[in-house]
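**Q** I would like to see how this sequence folds:
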Amino acid sequence: MLSNCALQSRVAQAILGDDGCDLAPVLAKGAFDPLRRFNIYRNNTFASLTATLIAVFPITVQLLGENYFRYVAGVFIRNNPPQEARLVRYGGSFPRFLAGFEGIRSMPFVAETARLEWLVAEALDAPALPGCSLEQLGDGEADTAPEIFVQPSLRLLVCRWPALGIWEAHQAGGNIEALARLSRRPERIALWRGSESMRFLRLDASHFAFLHALKRRAGLEAAVSRVLARAPGFDLSGAFGGLFAFGLVARIRHIKPATK
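**A** From the prediction side, this is the model:
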C-alpha cells in the first residue's frame, strides 16, 4: 500500500502526464468508473490552469492566437505544475518558458511582452499604499536623515523589444497596425499600481538605476551617489520630485546616520 506522499506524487504525475491508466490499481472502485472520474478531474485541472494563464497574459494570447496559446500553455502546464495554492501566483516562469519555446523562436517579442504582463500581475497583487508628500522629508530631527521606501507594487523591467509599446497598442484606442513596423528597440520600464489604474514610465538608464537602487533599499544617499557617479548630469531634482508626484514614496523613515 502506497504512503500518502507516494500516492500524492503518483496522482500528480498522472494528472500532468498523457495517460492516467497506471493509476488504476490505486483508485478505489465505487458506483462510478474511477478512471472516468479521474479524467474529469484532470481535464478540470488543465482547464483552470489554462484559464489562469489566459487571464494573466491576454496580450500574449492575442500575439499567438488563442488556439496556439492553449497548445503552448498545455506544454507549459505539464512541465511546470503550480508550486503555490494561490492560482494568482501561477505563471511566473511562463515568460522564460516562452523565450525557449522552439515554435516561437522567431518571435522574441512575445516572451518580452509576457514578462511585462507578469509584472503587471505582480503589481496588481501588491498593496497600493498612500503616497507620502515631499514636505514629510522635513519631519525628522535635525540630526537625522530621511530614508525612502518605494511602493511595494513598483516593478522594473529592461527588455530588448518595445514590450510596453506592444502592450499599449493592444489597449482600447491603441494602434495595432503600427506593430507591422515593429523592430528591436530596448526599453526600460517602471510600472506600479496606482490608486485607480496601473501606471507606467519609460526611463533612461540613469533614472532606471536610481529607482532600482531605491527598490533594493540601498538607501537614499547610496542611490544618489551611485547614479551621480555614473551620470554626473543626471536630473536628480526632477527624478526626486517625480517620486512624490507619482505617489511612489510609500514611507519615509528618519534615522540617525551611522557614526564612523
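**Q** Surely I148 touches I255?
**A** No. Look at I148 against I255 with C-beta atoms under 8 Å: they stay out of range, at 11.4 Å. Placement of C-beta: from N, CA and C, glycine included.
**Q** quick one, phi psi at L124?
**A** phi -70, psi -20 (degrees, to the nearest 10).
**Q** Can you report how many residues lie near it?
**A** For L124, the count of nearby residues is 13 (other C-beta atoms under 10 Å).
**Q** what about it, distance to W192?
**A** 10 Å (C-beta to C-beta, to the nearest Å).
**Q** Quick check: neighbours shared by those two?
**A** Residues touching both L124 and W192 (C-beta atoms under 8 Å, 6 or more residues apart in numbering): S153, M198.
**Q** Compare I148 and I255 (neighbour count), which wins?
**A** Ranked by neighbour count (other C-beta under 10 Å), I148 and I255 place I148 first, with 20 against 11.
**Q** does that one count as helix, strand or coil?
**A** The assignment at I148 comes out as strand when based on DSSP: H, G, I helix; E, B strand; the rest coil.
**Q** which residues does it form a beta bridge with?
**A** Legend: beta-bridge partners of I148 under DSSP bridges are I252.
**Q** mind checking how far it is from R217?
**A** 9 Å.
**Q** G131: neighbour count?
**A** Neighbour count for G131, taken as other C-beta under 10 Å: 18.
**Q** Was I right to think it contacts F244?
**A** Yes. With contacts defined as C-beta under 8 Å, G131 counts as touching F244 at a distance of 7.0 Å.
**Q** which residues sit against stretch 102-118?
**A** For stretch 102-118, using C-beta under 8 Å, 6+ apart, the contacting residues are 56-60, 63-64, 68, 72, 91-92, 94-96, 98-99, 157, 159-164, 166-167, 182, 189, 191.
**Q** Can you give me the buried ones in it?
**A** I104, F109, V110, A111, E112, T113, A114, R115, L116, E117, W118 (16 or more other C-beta atoms under 10 Å).
**Q** Quick one: mean pLDDT over that stretch.
**A** Averaging pLDDT along stretch 102-118 yields 96.
**Q** Figure out how far it is from the centre of its chain.
**A** With C-alpha atoms, centre = their mean, to the nearest Å as the basis, stretch 102-118 stands 14 Å off its chain's centre.
**Q** Also stretch 44-64?
**A** On C-alpha atoms, centre = their mean, the centre of stretch 44-64 falls 15 Å from that of its chain.
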